[in-house]
Structures are given as C-alpha cells and as structure tokens.
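Colleague: need a 3D model of the following:
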Amino acid sequence: MRAGAISGRPSRDRERSGTAARRIDDSSWAFLLAGILMAMNAERDGRIPQDRLRNFSIIAHIDHGKTTLSDRLLELTHTIDARQMTSQVLDSMDLEREKGITIKARAVRLEYQAADGLTYGLNLIDTPGHVDFSYEVSRSLQACEGAILVVDATQGIEAQTLANVHMALRQNLTIIPVLNKIDLPSAQTDVVIEELESVLAIPREEVLLASAKDGTGVLEILEAIVARVPPPKGDPEAPVEGLIFDSHYDAYKGVVVYVRLAQGTLRQHDIIRLMGSGAEAELLELGFFRPQLVPVSELRAGDVGYVATGLKSVRDAQVGDTVTTLPRPAAHPLPGYQPAKTLVFAGIYPVVGADYPVLRDAMEKLHLNDASFSFEPESSVALGFGFRCGFLGLLHMEIVQERLEREFGQELIASAPSVEYRVVLINNQGLVTVDNPSKMPNAGEIEEIQEPWVKLSVVSPSNFIGTLMELATNRRGSFLGMEYLDPQRVLLTFELPLGEVIVDFYDQLKSRTQGYASMDYEEAGYRAANLVKVDVLVAGEPVDALSVIVHRDRAQPVGRELVHRLRGLIPRQMFEIAIQAAIGSTVIARESVAAMRKNVLAKCYGGDISRKKKLLEKQKEGKQRMKRVGSVEIPQEAFLAVLRMDDV
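Modeller: Numbers count the residues shown, from 1 in each chain. Next up is the predicted model:
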C-alpha cells in the first residue's frame, strides 16, 4: 500500500507537471493568438506599422490618365466594392465629370498585400493636371514621400509634365515614371522613353509600362511603390505635429481638416489647438479616406487622414496651419505651404442685392475648400455690393463661379478679369497696387505703370513653330529660346505680359496647333509699359465693371470692338442709348442703340399736317424726358463680352 502510494506519487507529480505544461502551452498559444488578433485588429483599424506606410501622389499633364490609374489602384486593392465601382471615382464633383478634368486633389487610403506577404498602407493623393491648379499639386506633394509620374505614350512629355517633375524634385520626392496608354495603336513607347532619358534624366530601366484602361502593369506599379517609396519618418510618442493640406466644411462636424501627421499620435476626444489661428476644440472624429470618411480610434505619425474639429468658423482652420494637442503642444509649427499667388482678379456680384450676406457665407465655405481662391468686399456703381476675387487663372475663375452657382444656389454677375498692376505716382508719392481698373488713379497723377510678365513654356510639334512665333509676337511677347525634345517636337520659351496670356491665349494656342500644343508659365517680375485705362460709358454714365486696362497701341481697336459688341447685347429702350469708349475725357469709339418707336401717326388718316407734327413733337419731348430719368439694364452677356476679345 505504501509502496503503491510511493510508486503512485511520481505518476501524480508527472500528471501535475504535464497539466502545468499544457497550461503554459495553452497560455502561450492564447497570448500569441491575442497578439495576432491585436495585430489584425490594428491593421483593420488602419494602424499599420509605420515602416509599412507609403505616402505618394500621382502627377501628370492633363488627360494623361491619372484618374483612370487611380481607379485601377482602387480596384486591385479592393478599396471599393466591385458593385460600387464607377469611372472617375475620385472626381466627385459634377464639374469634374462634365469637363473631364481633375479640379480638386483627393486623398484615399489603400491597403495592399504585397508579394512579400505583408500588408502595406498606401496613402494616395490624386492631383489636377491643368496649369491653373498647380497649387493643388504643390499642396499634395507636401504630404508625400514619393510621386508617380504618368506620361502618355501617344503624346510624350508635355509642358505641365516638366513643371510637375521640377516641383516634385524640389520636395526631394522619389519619382516612379509610368508610361501609360501603351495599348493604343498610336503609342510610341521607345520614342517617349528616350525623351524621359534625355529631357528628365530618368534611366530607361526605371520606367514602368502600363495601360490604366485595361489594367496592364498596375500590379507592377503597386510593387514599385512598396519597393521604391521610402516610409514616412516621425516619432509616435513625440508631441503632435500635423500639417493641414486641405479642408472642407460639414454642417454637423464643423470644419473637417485633412492632415499629414509628422509627429505624435492623435486619439479620440483629444483637445487640439491650431497653432496659426490659436483656435482650440475637442476632436469629434478622426479617420481615413477610403475614399469616403471612415472613423478610426487614432492617427499616428506618418498617417494621412482627416480630423473633424467641430469648429464653426471657417477662418479658424487655414491650409498650411499646424495641428497639435493642448496638453503636450508642439514647440514650433511645421513649415507650411507657400501662399498661392493670385494672378487673375475679377468682381463677383449677386444679381439680387439682398443676397450679399448669403454670397459672403458661400465664399467663406468655398475658400475653406479652395485656399487659392481669395476675396474681399467691394462696391460698384453699376453692380452694387459684391466681392473682388482673386484666382489662379481664367479656368479657375470659371470653376469657382460655377461652384458658387451650383453648390450654393447663387445667381451671379462677374466683371471682366484683370491682373495686378503697380502704379508709380509722380513726385515720389509712392507705389499703388491696382487689381481693379476702376481704382486706377487719374492720368495726371501717374508717372509709370508696371505690369506682370511671365516666362511661358510651350511644347508643340515642330511644324507649328512659325504660327506660335506669330501668336507670341502679336501679344507683345519676346522669344527666349528653342530646344528640340525629339525630331518632331520642340520646347519654345517666351516672355509675355500676363494680361495677354490670361484671357484667350490658351484657346488660340490650341486652335493654331490643332490641339497638339501645351503650355505652362511662371512669374517673371514686373516691367514698365505704356498702358491706359479704357472706360465704357452707357447713356453717359461710366460702367466701372466694364473698364479695361490695355496697351495704348491697342486701345482704339479694343474700344471699337467693345462698344460694337455691347450694342448688340444691351436691349433697346424707349430712348436712344449712346455707348462710348473713352480714355480720360477723349472718346475713342461710339455706337448707339436705336430707340424703340411707337407709331403715333397710325391714327392719322389724312387731315392737316400740323396734327402729325404736334404728335411727333410730343413724342420727342417724352423721349428726352425718359432719357434724363431712365435707367439702362446691362445683362450678364455684356460683361462676358470683355472676355471674348480674341479677334482684336
């Protein structure tokens, strides 16, 4: 019995040790499983490790396939369900779909399982390609470490391609060159690759061949992003520093800012502070773009996401500001963006004067979504109270006006566009900046007028060199140089006044080169010029919104053409309307809108001639009285006539 007890004790000990071992093994497996589940939950919540994050942008010339490539990336990473997939997913505005261009940069978070078996978080920012929206591109590149350069295999390097590449190189970004549309019969793959080598110094072996339309080569692009683009840097435990690169206004969440976190970790219900404006708020929500807003519990250093601040004042959150937290604020704000340089100015007025406060609110909300658009109050004798607005170009002006009308239900009148002039006053009285022709000082006070010039780059087939030279010369331009990109395509460089470029130069460029030429420009300073202000008088009253500043040599042709077009646009009244163009007190052109005339002699069928003379004399007196007290309504088409002075 004792022996059995003695002999049975080791067996019980072995059973206990085996049970303990199984418990240890079970706890180890449970701990390992919990770690795996936590990692899976973290990745499902978007919290992928920092070394597996990639922030990149897509840059290209207009219509080279950026948005189509974005669609394929969304499909292959299953970011959007196949049943919900449509073309131009990231072009959410109706204007973008109608015009076939990207207007607003859009961010989206992709999750891609690479060939190495790991899941990577890819933050993509799709950018515009038109020259007017280059500021959107610069903002996007600030939030990235890499850029995909898309080049059309049928068109090759264009002017905006060169501009975007130089912008990316200034930010020290890793560039992944992609030759798109290789499936088209007109694709010239070898020729364009040679262009990339000779013009941009991109090695041939780095160029990826793709067709975004049918998905060819898109997987190779994803692998190149993972392999070539470096992961973001930043300490998640440091004080929060987040750069605002875009924003929009939500009626329920207030101002929603788009941030790229450089340092620290943002969590739900943190108290944040915007270092530029000093505004403080409790976080309502934070998350990623997929591409819709998807909330998460936290954003870490290197992430690109959104933060719903709850702020109701749109002026509290500006693009380029730095987000930090109140308990552990950052020592210094991050270097923001260069402020957008406004090139084109125009007045925007409500059709109904009572809508002025509503228009002001609409412009504040639009400015939050488009930081390159600026405005300030002004008044016009002809149009009442409105705003003097600044734009990056004529297309930008058109887009802003259409967005105000569509998204905010405004009925607007826009004045003629103008650039910013510098007026040197006599007797060393100083320098005046004029962005509105109606504010031009009197001719007797002006010593010199300076206008902005730009350096213009044009990429065109070589057989259009002559017509482009003629176009630039007619616009007071000077030729700087010419460089052949290949035997058929040439890069021309000019210097022109900005006022000659903004109105219709791009349309003339396209029409004279059968649509093959492209252009890009940059500022080249101010230069003195012989400029005059041409005023338009309707029924003897100056209409300040129709005034233009032109070169003296073109003042008379412009004045004649302007009054001729206004004559056909201003409706007839019961009295004669005189339309005059004048420089100071000198009238240089005149047209008249004939009066509508009632046949007062219809009831006279014979009788004495004195009866007819009496009726005609009475009608004449009535017309003169109406002319003194009557008013002339000027339609919107009359203001648009100033935009279409292409044949002068």
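Colleague: residue 608 - how many residues pack around it?
Modeller: By other Cβ atoms under 10 Å, 9 other residues sit near residue 608. C-betas here are computed from N, CA, C, even on glycine.
Colleague: give me the distance between it and residue 519.
Modeller: For residue 608, the distance to residue 519 equals 73 Å [Cβ to Cβ, to the nearest Å].
Colleague: pLDDT weak spots in the stretch 501-648 of the chain?
Modeller: For the stretch 501-648 of the chain, residues meeting the criterion pLDDT under 70 lie at 597-602, 605-607, 622-648.
Colleague: so where do the helices sit in it?
Modeller: Ranges of helices within the stretch 501-648 of the chain are 505-512, 552-569, 609-629, 636-640, based on DSSP state H, counting those that start in this stretch.
Colleague: and those helices as TSV, adding mean neighbour count?
Modeller: Below are the helices of the stretch 501-648 of the chain laid out as TSV (neighbours: other Cβ atoms under 10 Å):
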stretch	mean neighbour count
helix 505-512	17
helix 552-569	18
helix 609-629	12
helix 636-640	17
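Colleague: any chance of those helices in JSON lines, plus distance to residue 149?
Modeller: Shown next, in JSON lines, are these (distance: least, Cβ to Cβ, whole Å):
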{"stretch": "helix 505-512", "distance to residue 149": "23"}
{"stretch": "helix 552-569", "distance to residue 149": "41"}
{"stretch": "helix 609-629", "distance to residue 149": "64"}
{"stretch": "helix 636-640", "distance to residue 149": "38"}
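Colleague: and these: which comes nearest residue 145?
Modeller: helix 505-512 (33.1 Å; Cβ to Cβ).
Colleague: which residues sit against that closest one?
Modeller: Residues outside helix 505-512 that contact it (Cβ atoms under 8 Å, 6 or more residues apart in numbering): 394, 458, 464, 467-468, 471, 475, 496, 517, 519, 646.
Colleague: now stretch 513-530: buried residues?
Modeller: For stretch 513-530, the neighbour count (16 or more other Cβ atoms under 10 Å) marks 513, 516-521, 524, 529 as buried.
Colleague: widest-spaced pair of those?
Modeller: Greatest spacing in the buried residues of stretch 513-530, by Cβ to Cβ: 516 and 529 (31.5 Å).
Colleague: tell me where the model's unsure across the stretch 101-250 of the chain.
Modeller: Scanning the stretch 101-250 of the chain for pLDDT under 70 picks out 101-105, 128-136, 139.
Colleague: could I get the full set of strands for it?
Modeller: 106-113, 119-126, 146-152, 174-180, 208-209, 241-250 (DSSP state E, counting those that start in this stretch).
Colleague: for these, give me a markdown table that also has distance to residue 267 and mean neighbour count.
Modeller: Shown next, in a markdown table, are those (distance: least, Cβ to Cβ, whole Å; neighbours: other Cβ atoms under 10 Å):
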| stretch | distance to residue 267 | mean neighbour count |
| --- | --- | --- |
| strand 106-113 | 18 | 21 |
| strand 119-126 | 18 | 24 |
| strand 146-152 | 28 | 25 |
| strand 174-180 | 31 | 23 |
| strand 208-209 | 39 | 16 |
| strand 241-250 | 13 | 23 |
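Colleague: next, format these as TSV and append distance to residue 581.
Modeller: As requested, the strands of the stretch 101-250 of the chain are exported to TSV (distance: least, Cβ to Cβ, whole Å):
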stretch	distance to residue 581
strand 106-113	46
strand 119-126	46
strand 146-152	45
strand 174-180	50
strand 208-209	57
strand 241-250	43
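Colleague: who wins for proximity to residue 286 among those strands?
Modeller: Relative to residue 286, the nearest member of the strands of the stretch 101-250 of the chain by Cβ to Cβ is strand 241-250, separated by 10.2 Å.
Colleague: now what about the closest one, what contacts it?
Modeller: Residues outside strand 241-250 that contact it (Cβ under 8 Å, 6+ apart): 105, 107, 139-140, 142-143, 255-264, 266, 274, 299, 307-308, 314, 317-324, 330, 333-334, 336-337, 365, 368-369.
Colleague: and the following helix or strand past it, which strands flank it?
Modeller: Toward the C-terminal end, the helix or strand that comes next after strand 241-250 (DSSP states H and E) is strand 254-263. Strand pairing for strand 254-263, determined by DSSP bridges: strand 241-250 (antiparallel), strand 304-308 (antiparallel).
Colleague: roughly how far is the shortest one from the heart of the chain?
Modeller: Okay, so that is strand 304-308. 20 Å (Cα atoms, centre = their mean, to the nearest Å).
Colleague: using PDB, write out the CA atom coordinates for it.
Modeller: Extracted C-alpha coordinates of strand 304-308, given in PDB (Å, rounded to 0.1, in the frame of the first residue of the first chain):
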ATOM      1  CA  VAL A 304      -2.700  60.800 -43.700                       C
ATOM      2  CA  GLY A 305      -6.300  61.300 -42.600                       C
ATOM      3  CA  TYR A 306      -9.000  63.700 -41.500                       C
ATOM      4  CA  VAL A 307      -9.900  65.400 -38.200                       C
ATOM      5  CA  ALA A 308     -13.400  66.700 -37.500                       C
END
